[in-house]
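Chemist: I'll drop the sequence and a predicted model, then ask my questions.
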Amino acid sequence: MDLDGFINPEPVVQPENQPFWDATKEDRFLVKWCNVCERAHWYPRARCPFCFSDDTAFREASGEGTIYAFAPMRRTAAPYILAYVTLAEGPTMMTNIVNARPEELTTGQPVRVAFVPTSGEYKVPVFTPT
Amino acid sequence: MQAADEERKGLSKVASVVGVGHTDWHTDYRAQRAGEKATLDSVGLGALAFVRALEDSGLKRDDIDGLIVGPTTPYERMGEVLGLDVRWGGQADAMLAVIQACMAIKSGLAEVVALVYGNAQRSQKVNYGGTNAAGGASFLSYVYHAPWGFTSQGALYALMFRRYMEETGLKPEELGQVAVAQRAAASLNPEAVMQKPITIEDYLTSAFVCEPLHLFDYCLINDGGVALIICEAERARSLRPDPVVIHGVGRYDLNSGATSLEPRLTEYYLPAQQKVARQVFDMAGVGPQDISSAQIYDSFSCHIPLALEGYGYCPPGGAGKFLAEGQHALGGTLPVNTSGGHLSESYMQGWGHQIEAVRQVRGTCGKRQVPDCNFVHYSSDVAGKAVSIIYGR
């Protein structure tokens, strides 16, 4: 499985996630927090999904996480590894695992954020085994 | 007291299915594979299915006073082509269409409702994957999926089922029993698109699409149409000796986290299905032990083990054993998707499952007939919504 050909599609940037995507250009990984209930959520949005407050803000994330589940996409011109990663801050997000072979991966494995270019101006956060 | 009992029964026995029809999906698929051009679009496919359902019901077109049209075709255009002026109408997917028809009949807004679906998805080259998969940016959170190449529902179910298999120990050869059993059922169904039996070895050696899901875990893509005529229960009994009664319905939506796919990825819909199980079995006055056959929405094979657990046909984590024992196959304790389902009969987005349920209760399924088929349970779990319908005599 040659994992080198995949180019991440450019994200669609919208008002509530503009700061998140802007930060990717500087390899910074932001997660949205609620200032009232002090919980992080994914995906970033204006209103906290837990306590419904609109007092939310982006904060720099640790970039640490663990693999919740992974699935190698094989029947495609440029294969890649999809994954759901649980961040140290709590939320679980869709992402890719890079710099690893599928057979080397396990659920629960620690991973760390990295940034890769997309087909457009922004980068996307992906994860690599630590 | 009697009024309270009536209320508690909700939509039970309010309406019955008196007519079903579908297009020639086996013939149409073979013709298209042989290079012939399709002759009907989605609306035309729906109209053909409607004509057949109406004929099956013995009713006349003028008897129809309600219309529900499935997604893919606008309500207005389908209504125009069918020539149906009605006093009540709507647009809904298969399972919600049946529930809405019952609600309209119960409230007196309609008495005879036609439910019509057509989808020329193969000839029109409908793409369920790619950058616009699953609604694209119109489902905001998919903004947070597409940049990582999450461009198909198959990828979602692959991720989900990898986790499920690790948590429960379900083996690939146990999941494979779903595709093998449904193909065996389809081999007894002259209408099925795919009728050639497969073995577990065929399954295990077939290509992965998104691992751990193989090609045979994915639904077909084919053209077709389906229609049902649903009638107020008393009138239905005067129309034909074997109306198929809707005994119970249930629904629960896990909207919190729905577009981030959390209900599917982390809980396998289990909390929603358990709530729906209480609703639908209570309304119908039956339990899992009374069900003769289940029809389960199977865009992917892995829906089956999850529904078996969600509705109490086996304990959570027990689906692997259930499948290994072949309890879901024809001749088993709970034959599932007896037509071949989406994997082998026809991908009609849940509509085909409704008419298979009706035919099993009528006892007209020929070689794939489930003996003494008193109750059939339909279940779907799509986009965070869990829905059930129980059909019976």
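Modeler: Nice, I can see it. Worth saying up front: this structure is predicted, and the values here are computed from it rather than measured.
Chemist: elements contacting the host helix or strand of residue A:70?
Modeler: Following DSSP states H and E, one finds residue A:70 within strand A:64-73. When contacts are defined as 3 or more CB pairs under 8 Å, 6 or more residues apart in numbering or on different chains; DSSP states H and E, strand A:64-73 sits against strand A:80-87, strand A:110-117, helix B:153-168. (Glycine included, C-beta is placed from N, CA and C.)
Chemist: got the contact list for that strand?
Modeler: Residues outside strand A:64-73 that contact it (CB atoms under 8 Å, 6 or more residues apart in numbering or on different chains) are A:1, A:79-88, A:92, A:97, A:102, A:105-113, A:127, A:130, B:149, B:155, B:158-160, B:162-163, B:166, B:208-212, B:265-266.
Chemist: quick one: average pLDDT of it?
Modeler: The average pLDDT for strand A:64-73 rounds to 96.
Chemist: and the angle for it with helix B:153-168?
Modeler: Comparing the axes of strand A:64-73 and helix B:153-168 via axes from the mean of the first three to the mean of the last three CA atoms, to 10 degrees yields an angle of 120 degrees.
Chemist: Strand A:64-73 vs strand A:110-117, what angle?
Modeler: 70 degrees.
Chemist: List the residues that contact residue B:112.
Modeler: Going by CB under 8 Å, 6+ apart, residue B:112 touches B:59, B:63, B:64, B:65, B:66, B:229, B:230, B:231, B:232, B:235.
Chemist: Distance check, the second one against residue B:239.
Modeler: To tie it back to what came earlier, the one meant is residue B:63. According to CB to CB, to the nearest Å, residue B:63 and residue B:239 sit 9 Å apart.
Chemist: Give me whichever of the helices and strands packed on strand A:64-73 is most buried.
Modeler: The highest average neighbour count among the helices and strands packed on strand A:64-73, using mean count of other CB atoms under 10 Å in any protein chain shown, belongs to strand A:80-87 at a mean of 25.
Chemist: so where's chain B shaky on pLDDT?
Modeler: Regions of chain B meeting the criterion pLDDT under 70 cover residues B:1-8, B:129-143, B:259.
Chemist: Try it again at 80.
Modeler: Where chain B drops to pLDDT under 80, the residues are B:1-8, B:126-144, B:151-152, B:257-264, B:266, B:382-384.
Chemist: who in it is up against chain A?
Modeler: Contact residues (CB under 8 Å from any CB of the partner chain) of chain B with chain A: B:131, B:137, B:140-141, B:143-150, B:155, B:158-160, B:162-163, B:166, B:207-212, B:215, B:256-257, B:260-262, B:265-266.
Chemist: ranges for the strands of chain A?
Modeler: For chain A, the strands defined by DSSP state E cover A:30-34, A:40-41, A:56-60, A:64-73, A:80-87, A:92-96, A:110-117, A:123-129.
Chemist: if you skip the residues just before and after it, what's nearest to residue A:83?
Modeler: residue A:70 (4.1 Å; CB to CB, 6 or more residues apart in numbering or on different chains).
Chemist: Can you tell me how far the residue positioned nearest the centre of chain B is from residue B:378?
Modeler: When chain B is reduced to its mean C-alpha position, the nearest residue by CA atoms, centre = their mean turns out to be residue B:350, at 2.5 Å. With the distance defined as CB to CB, residue B:350 ends up 8 Å from residue B:378.
Chemist: Between the two, which contacts overlap?
Modeler: Shared contacts of residue B:350 and residue B:378 (CB under 8 Å, 6+ apart): residue B:95.
Chemist: sorry, back to before: got the contact list for the residue nearest to the residue nearest to the centre of chain B when sequence neighbours are not counted?
Modeler: If you skip the residues right next to it in sequence, residue B:350 has residue B:94 as its closest partner in space, 3.6 Å away by CB to CB, 6+ apart. By CB under 8 Å, 6+ apart, residue B:94 lies in contact with B:70, B:115, B:117, B:226, B:348, B:349, B:350, B:351, B:353, B:354, B:380.
Chemist: Let's verify residue B:72: helix, strand, or coil?
Modeler: Following DSSP: H, G, I helix; E, B strand; the rest coil, we place residue B:72 in the coil state.
Chemist: In contact with it, which residues?
Modeler: Contacts here follow CB under 8 Å, 6+ apart; on that basis residue B:72 touches B:42, B:117, B:118, B:119, B:121.
Chemist: Make sure the second one is indeed in a helix.
Modeler: The reference is to residue B:117. No. Residue assignment for residue B:117, taken from three-state DSSP, gives strand, which places it outside any helix.
Chemist: tally of neighbours for it?
Modeler: Neighbour count of residue B:117, defined by other CB atoms under 10 Å in any protein chain shown: 32.
Chemist: mind checking how far it is from chain A?
Modeler: Residue B:117 sits 29 Å away from chain A, going by CB to the nearest CB, to the nearest Å.
Chemist: thought residue B:15 was touching residue B:234?
Modeler: No. In this structure, residue B:15 is not within contact of residue B:234 by CB atoms under 8 Å, at 10.0 Å.
Chemist: out of the two, which sits in the busier spot?
Modeler: residue B:15 (28 against 13).
Chemist: who's that one bridged to?
Modeler: Applying DSSP bridges to residue B:15 gives these bridge partners: residue B:232.
Chemist: That one and residue B:223, how far apart?
Modeler: Using CB to CB, which is the criterion applied here, residue B:15 is 29 Å from residue B:223.
Chemist: Including distance to residue B:108, could the helices and strands packed on strand A:64-73 go into CSV?
Modeler: Output for the helices and strands packed on strand A:64-73, formatted as CSV (distance: least, CB to CB, whole Å):
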stretch, distance to residue B:108
strand A:80-87, 48
strand A:110-117, 59
helix B:153-168, 39
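Chemist: out of those, nearest to residue B:19?
Modeler: The closest of these to residue B:19 is helix B:153-168. By CB to CB, the value is 31.5 Å.
Chemist: tilt between that closest one and strand A:92-96?
Modeler: In terms of direction (the same axes, to 10 degrees), helix B:153-168 departs from strand A:92-96 by 120 degrees.
Chemist: and helix B:153-168, what other elements does it pack with?
Modeler: strand A:64-73, strand A:80-87, helix B:172-186, helix B:262-265.
Chemist: who's in contact with the shortest one?
Modeler: Spelled out, that is helix B:262-265. A:68-69, A:84, A:92, B:156-157, B:159-160, B:163, B:254, B:256-257, B:269, B:271-272, B:381, B:384.
Chemist: which residues are contacting the helix or strand following that helix?
Modeler: Stepping forward along the backbone from helix B:262-265, the first helix or strand reached (DSSP H and E) is helix B:270-284. Under the criterion CB under 8 Å, 6+ apart, residues B:8-12, B:247-254, B:263, B:287-288, B:306-307, B:309-312, B:316, B:375, B:377, B:379, B:381, B:384-390, B:392 lie in contact with helix B:270-284.
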